[in-house]
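Trainee: Build the 3D model from these lines:
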Amino acid sequence: MPSISLDHLLAACRPGGASVLTSVTPLEPAAGPHASVAPAKFVEGKKSVFAYERRFWEGHAVDAVLIDSKQSQNNRLEAAVSAAIADGDEVLSMMPRIELRFEDGQVYSDIDLPHRAFDGQIRAGTINDKPTTENPEYRALRDATVSHARPLMERSPMTLLLGGWDATRKSNQGRYRSILVGEIIGILADQEGEPAAHQSKRGGARIDPLGMRIDLADKQLKAIADTQKDELSKDTYDKAKKKPSVLGLGGIPPALEQLGGVTCQAIIRSHVLSFAALRALRFDCDSPEGDVACRAVLAALALNGLARSDAELLLRANCDLVESGPAVVTLDKRYGEKERVDALSTTEAQDLLKAALDYAKDLAGLVWDGSVLVIDGNPAVLNAAVDDAQDK
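Mentor: Sure thing, here's the model as predicted:
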């Protein structure tokens, strides 16, 4: 089978081209079919729950569980791209971006932040000691539209690829749907009864070699908590003065947690790249073919990120997976016709992105020069940040 080429992308990005490209990969537990896997957890009320759904698989409606959500799959792609840039990748480092920098050395980019170019952390920062929202270049990003998307393409292309919504703006809100979506689901091994009845419980314990119980006087416990006060949230500090276990002192007897894992007869990872969504974007080019070239860059960026993130099946503890077969990559040819193409290696995806960039620079004057719009992070926001996990 052929590998997807720049000609494929250009044809798909022109009016009347392919609707989508899909990639579907079978997965399995690394330990073997007997092993359970830990799906993603969600909060329902005060409880953690798994997300069970009805899906259609091999001609039947079946019970399935969400192992990795669309948002998580996109986050994994972002992390892979960020890592490549941090490692000095010569192609991805050319991608323009926004960086939020704090005085203590912490740096976050629009690739990492949840709302990308429109993230609240960016809007709370400053450029040259003035609010970010007053900066002309940043205002141009907020004033961009689907029909005039070049400012974002040349400053925050990840916003166009994975979506963004300038939701707090009272008018002229930028809204960009995700062009790439993906998920991992598991088809439950047992299709009888309620899905939740088949989830396992996982045991947990903590052994302190000094003793299962650490009995400290209130004054002693407070003194220990005071030495760590600057690193604790207020709620954790208040609890630590009363209970040694909050500070990790003493043991915890073995117990079964409510949520452990599920056993699956099949696990499927799927991605959809929408050329129809790409074709909605315009980039203020001199010709329609310039818009096509810019769209192809975003498509190549998506495939580059997928090649990297799909190679790293790092989800969560007790959810180690491996590929049980090759990815089935299909390009829609319209009217029910489809073309199978080979999945791209990281090297092939690099070559494709470079070819797309060179083409768009020549034809559309696209500027991807690795430049960074630096935002000074708001220290008040940083100092007020609390990790909720400390308080649970």
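Trainee: So the residue nearest to the spatial centre of the chain: helix, strand or coil?
Mentor: When C-alpha atoms, centre = their mean is applied to the chain, the residue found nearest the centroid is Asn75 (0.9 Å). Classification of Asn75 by DSSP: H, G, I helix; E, B strand; the rest coil places it in helix.
Trainee: How about the one 5 residues further on?
Mentor: Assigned state for Ala80: helix (three-state reduction, three-state DSSP).
Trainee: and the nearest residue to it once chain neighbours are set aside, what element?
Mentor: Leaving aside its chain neighbours, Ala80 sits nearest to Arg308 (3.7 Å; criterion: C-beta to C-beta, 6 or more residues apart in numbering). C-beta here means a position set from N, CA and C on the backbone, and glycine is covered the same way. Secondary structure assignment for Arg308, by DSSP states H and E: helix 288-310.
Trainee: did I read that right, Tyr267 in a strand?
Mentor: Careful, residue 267 is Ile; it's not Tyr. Yes: applying three-state DSSP, one finds Ile267 inside a strand.
Trainee: What pLDDT does the model give it?
Mentor: In this prediction, Ile267 carries a pLDDT score of 98.
Trainee: so it sits right up against Ile185, yeah?
Mentor: Yes: under the criterion of C-beta atoms under 8 Å, Ile267 makes contact with Ile185 at 7.3 Å.
Trainee: Mutual contacts of those two, please.
Mentor: Common neighbours of Ile267 and Ile185 (criterion: C-beta atoms under 8 Å, 6 or more residues apart in numbering): Ile67.
Trainee: And the contacts of stretch 2-15?
Mentor: With C-beta under 8 Å, 6+ apart, stretch 2-15 has contacts from 17-18, 21, 275, 278-279, 288, 292-293, 295-296, 299-300, 303, 329, 331, 341-342, 344, 348, 352, 355-356, 359.
Trainee: circling back to that earlier point, output the contacting helices and strands for whichever helix or strand comes after the helix holding Arg308.
Mentor: Towards the C-terminus, the helix or strand next in line after helix 288-310, according to DSSP H and E, is strand 321-323. Judged by 3 or more C-beta pairs under 8 Å, 6 or more residues apart in numbering; DSSP states H and E, strand 321-323 is in contact with strand 20-29.
Trainee: As CSV, could you dump the C-alpha coordinates of the strand it packs on?
Mentor: Only the C-alpha atoms of strand 20-29 are listed here, as CSV (Å, rounded to 0.1, in the frame of the first residue of the first chain):
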residue,chain,number,x,y,z
VAL,A,20,-11.8,12.3,6.5
LEU,A,21,-8.8,10.2,7.1
THR,A,22,-9.2,7.5,9.7
SER,A,23,-6.7,5.4,11.7
VAL,A,24,-7.9,2.4,13.7
THR,A,25,-5.5,0.2,15.7
PRO,A,26,-6.3,-3.0,17.7
LEU,A,27,-4.7,-3.0,21.1
GLU,A,28,-4.5,-5.5,24.0
PRO,A,29,-3.3,-5.7,27.6
